[in-house]
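Trainee: with the sequence up front, the predicted model follows.
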Amino acid sequence: MNTEPDFREVRGVRLFDGMLDPAAQAAMVADIRALARTAPFLVPVTRRGQEMSVRMTSAGTFGWIPDRRGYRYERRHPSGVEWPPIPPSVLAVWRAVAPDARSPESCLVNWYAPGARMGMHQDRDEGDFDQPVVSISLGDDALFRIGNEARGGRTESVWLRSGDVMVLGGEARLLHHGVDRIAPGTSTLLEAPGRINLTLRVVTGQSPMEQQPE
DNA sequence: AAGTACCT
DNA sequence: GGTT
């Protein structure tokens, strides 16, 4: 990992290209494999009951759970086990790109097989929008689309490659975004074609009064 | 609509 | 890429 990471910006979204070298990427994949044995990947379901094309699990104090009852953060995997801890290698990325932020409370792990997509959406299930969202790309290239705070309107697309890190913070925190396409075979990091994305978030509000009880 | 399909 |  670079000590003084450089970045470019698209609509205020910070893109740290090639921040993780191949060895760091491989180590992170091993960490994810291990945590998925404790907290297996799930088939997420939208509010309207439709299965999403990605597969999801989480690490940290909270995991993101979408189902017919709505979208929320929970302290346990549906199996009843606590989410495994966020790997130190992943926490180090957060610290490098968001040194002034609170510690991340959730690491969402999204697995995109070829053909999987993520519709345009905002990350707004968290309690403190002053805290950034940090995304780490592993495996095949992904075509990522950045929109606006309001739904609809003009968008811009960027290709995310394995080892890239992205920060949605500040004015860009509530921009709509999504994944249009995975390009199979563009990386040899994973055993199977596809992409793994890690998304780090602070979940709870800033005030101690807002902290969620067990 | 963290979808899908369809339009330009 | 934009709208639904």
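Mentor: Arrived safely. Remember, predicted model here, so these are calculated numbers, not experimental data.
Trainee: where does A:A24 land in three-state SS?
Mentor: Under DSSP: H, G, I helix; E, B strand; the rest coil, A:A24 falls in the helix class.
Trainee: and it, how close does it get to A:V109?
Mentor: 17 Å (CB to CB, to the nearest Å). No exception for glycine: its C-beta is placed from N, CA and C like everyone else's.
Trainee: can you pick out the residue with more neighbours from the two?
Mentor: A:V109 (24 against 15; other CB atoms under 10 Å).
Trainee: can you pull out the low-pLDDT segments for chain A?
Mentor: Scanning chain A for pLDDT under 70 picks out A:1-4, A:209-214.
Trainee: nearest residue to the spatially most central residue of it other than its sequence neighbours?
Mentor: Chain A has A:T199 as the residue nearest its centroid, 1.8 Å off, counting by CA atoms, centre = their mean. Nearest residue to A:T199 in three dimensions, chain neighbours excluded: A:L108, at 4.4 Å (CB to CB, 6 or more residues apart in numbering).
Trainee: ranges for the helices of chain A?
Mentor: A:22-38, A:88-97 (DSSP state H).
Trainee: most tightly surrounded among these?
Mentor: When the helices of chain A are scored by mean count of other CB atoms under 10 Å, the highest mean neighbour count falls to helix A:88-97 (a mean of 18).
Trainee: list the contacts of the residue nearest to the centre of chain A.
Mentor: A:C107, A:L108, A:N110, A:D123, A:V133, A:V134, A:S135, A:I136 (CB atoms under 8 Å, 6 or more residues apart in numbering).
Trainee: do the same with A:Q122
Mentor: A:Q122 sits in contact with A:E149, A:L174, A:L175, A:H176, A:H177, where contact means CB under 8 Å, 6+ apart.
Trainee: taking those residues one by one, which sit in strands?
Mentor: Of the positions in the contacts of A:Q122, A:H177 sit in strands, assigned by DSSP state E.
Trainee: which of the contacts of A:Q122 tops the neighbour count?
Mentor: With neighbours defined as other CB under 10 Å, the most crowded of these is A:H177; it has 23 neighbours.
Trainee: ok, the closest residue to that residue other than its chain neighbours to DNA strand C distance?
Mentor: Distance criterion CB to CB, 6+ apart; nearest residue to A:H177, sequence neighbours excluded, is A:I146 at 5.4 Å. Noted for A:I146: a distance of 9 Å to DNA strand C, by CB to the nearest atom of the strand, to the nearest Å.
Trainee: tell me the bridge partners for A:I146.
Mentor: Taking DSSP bridges as the rule, A:I146 bridges to A:E156, A:H177.
Trainee: please apply the same query to A:E51.
Mentor: Legend: beta-bridge partners of A:E51 under DSSP bridges are A:V45.
Trainee: kindly report the same for the one 5 residues further on.
Mentor: A:M56 has these beta-bridge partners by DSSP bridges: A:L42, A:N110.
Trainee: look up how far DNA strand B lies from it.
Mentor: 8 Å.
Trainee: and that residue, how many neighbours?
Mentor: For A:M56, the number of neighbouring residues by other CB under 10 Å comes to 19.
Trainee: hey, where'd the strands end up in chain A?
Mentor: For chain A, applying DSSP E gives strands covering A:8-10, A:13-16, A:55-60, A:63-67, A:70-74, A:106-112, A:118-121, A:133-139, A:141-146, A:156-160, A:165-168, A:177-183, A:195-201.
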